[in-house]
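# return a 3D structure for these sequence lines:
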Amino acid sequence: RTHRWRLNNHLSMSTFGRNFRVTTFGESHCKGVGCIVDGVPPRMKLTAADIQPQLTRRRPGQSHLTTPRNEKDQVTIYSGTEGGYTLGTPIMCLVHNKDQRPGDYKEMDDVPRPSHADYTYQVKYGIRASSGGGRSSSRETIGRVAAGAIAEKWLKETYGTEIVSWVSAVYDIEAPKDLETKKITREMVDANLVRCPDEECAKKMQARIEAAKEKKRLDRRGPNLCRVQPPWWTGRALLRQAGGKASTRHALHPCHQGLRDRQWFRWSQEDAWLGAQRHVLQA
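Just a heads-up that it's a prediction; the model follows:
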């Protein structure tokens with residue numbers, strides 16, 4: 001039986017934001033994924049070429065370190081612009097899934113995939129997308145990346161805001177902490193497969209990942225550090241502060257554990273077994 005609170009919760013879980021409102025849609029192996037963005041000011045220059053670079057950076061199949069799924073992730077803007085300018089109306093961005101193979105997950109129709117959200121979805125809604133995890137797949141982040149590219153363009157043009165992020169740790173290999181005080185560019189981050197701007201550390205991280213893949217074992221990874229240069233007046237107290245809102249958006253990512261706090265990750269690694277036992281007892 002579907003309760004009212006469950007229905008309301010289901011309807012709102014794919015939309016976030018107030019002045020800049022984003023709704024993502026699509027599943028891992030459906031026809032396509034994307035987003036609808038409401039709140040973009042009119043008369044801003046915007047074409048698919050402004051969004052595509054970020055989708056190209058996140059697309060799968062870029063190297064042997066990532067998923068073998070091969071997608072080009074070409075974005076098309078279906079509404080909200082005309083003649084290369086925004087109209088102030090909702091913008092719809094769509095990326096077609098080309099390498100969709102739901103038949104590869106046939107055995108998951110009856111047995112939920114371990115370490116995925118299959119069982120949770122089944123219990124909560126009485127149905128699930130067994131092919132590739134459905135909405136819980138990282139494929140869903142395409143809509144967020146597209147929306148983020150639009151927001152970033154406006155922030156850059158309006159306030160000169162720059163956003164750069166990089167991988168700061170892979171298991172027990174950590175990048176130098178002084179990277180946060182240096183001028184890091186996206187070109188420096190994208191110079192290697194691991195997306196760490198420190199060349200020596202990036203080589204060690206890559207070796208660690210390759211060793212884990214060889215053993216068919218998933219090692220814990222550290223957080224992605226994200227450095228943002230926002231306007232000085234951004235944010236409010238408590239839950240409405242900029243950091244709190246950013247943490248909320250990042251935490252929605254299927255594989256995200258924390259934001260920026262290195263010590264939290266260190267504690268989680270040292271106390272992994274005891275923490276797991278506590279969760280079992282609490283459950």
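# in the stretch 151-283 of the chain, where is pLDDT below threshold?
216-283 (pLDDT under 70).
# hang on, Asp178 in a strand?
No - applying DSSP: H, G, I helix; E, B strand; the rest coil, one finds Asp178 to be helix, outside a strand.
# next, count neighbours for it.
Asp178 has 8 neighbouring residues, counting by other Cβ atoms under 10 Å. The way it works is simple: take the backbone N, C-alpha and C, and place the C-beta from them, glycine included.
# can you name the residues in contact with the helix ranked longest in the chain?
Secondary structure of the chain per DSSP state H: the longest helix is helix 141-159. Helix 141-159 has contacts (Cβ atoms under 8 Å, 6 or more residues apart in numbering) with 20, 22-26, 33-35, 37, 40-41, 44, 46, 50-51, 53-55, 58, 73, 75, 91, 93, 95, 161-163, 230-231, 249, 252-254.
# equivalent analysis for stretch 181-199, please.
With Cβ under 8 Å, 6+ apart as the test, stretch 181-199 has contacts from 57, 62-63, 65, 164-168, 170, 175-176, 179, 202-203, 205-206, 209, 227.
# in helices only, show me the residues you listed.
Among these, the ones falling in helices (DSSP H) are Arg57, Ala202, Lys203, Met205, Gln206, Ile209.
# need the contact list for the residue nearest to the last one when sequence neighbours are not counted.
What that stands for is Ile209. Counting by Cβ to Cβ, 6 or more residues apart in numbering, Ile209 lies nearest to Leu65, which is 5.3 Å off, once chain neighbours are set aside. When contacts are counted by Cβ under 8 Å, 6+ apart, Leu65 touches Leu193, Val194, Gln206, Ile209, Glu210, Lys213.
# now do the contacts for Pro68.
Going by Cβ under 8 Å, 6+ apart, Pro68 touches Pro60, Gly61.
# can you tell me the SS state at it?
Pro68 ends up coil, using three-state DSSP.
# measure it to Arg58 for me?
According to Cβ to Cβ, to the nearest Å, Pro68 and Arg58 sit 16 Å apart.
# please apply the same query to Arg144.
10 Å.
# that older thread, got a winner among the ones in helices among the contacts of stretch 181-199 for most neighbours?
Tallying neighbours with other Cβ under 10 Å puts Met205 at the head of the ones in helices among the contacts of stretch 181-199, with 27 neighbours.
# would you check that that one makes contact with Val167?
Yes - under the criterion of Cβ atoms under 8 Å, Met205 makes contact with Val167 at 6.9 Å.
# burial count for Leu115?
One thing to correct before we go on: residue 115 is Ser, not Leu. By other Cβ under 10 Å, the residues close to Ser115 number 7.
# cool, Arg139 as well?
Residues near Arg139, counting by other Cβ under 10 Å, number 26.
# now do it, the pLDDT please.
pLDDT for Arg139: 86.
# could you find the closest non-adjacent residue to Cys201?
Nearest non-adjacent residue to Cys201, counting by Cβ to Cβ, 6+ apart: Ala175, 4.7 Å away.
# next up, the contacts around the one you found.
Per Cβ under 8 Å, 6+ apart, neighbours of Ala175: Trp166, Val167, Ser168, Ala169, Cys196, Pro197, Asp198, Cys201.
# was I right about the last one contacting Pro176?
Spelled out, it's Cys201. Yes - look at Cys201 against Pro176 with Cβ under 8 Å: they come within range, at 6.9 Å.
# out of the contacts of Ala175, which is most surrounded?
Cys196 (29 neighbours).
# quick one: contacts for the nearest residue to it once chain neighbours are set aside?
Spatially, and ignoring its direct neighbours in sequence, Cys196 is nearest to Ala202 (4.2 Å; Cβ to Cβ, 6+ apart). Neighbouring residues of Ala202 by Cβ under 8 Å, 6+ apart: Asn192, Leu193, Val194, Cys196.
# could you pull out the strands in the stretch 101-250 of the chain for me?
Listed in chain order, the strands found in the stretch 101-250 of the chain under DSSP state E, counting those that start in this stretch are 162-167, 169-170, 173-174, 224-229.
# packing partners of the first one?
Secondary structure elements in contact with strand 162-167, counted by 3 or more Cβ pairs under 8 Å, 6 or more residues apart in numbering; DSSP states H and E, are helix 141-159, helix 186-189, strand 224-229.
# phi, psi for Thr47 please.
Backbone geometry at Thr47, expressed as degrees, to the nearest 10, gives phi -140, psi 170.
# I meant Leu193, not that one.
When read as degrees, to the nearest 10, the backbone of Leu193 gives phi -70, psi -30.
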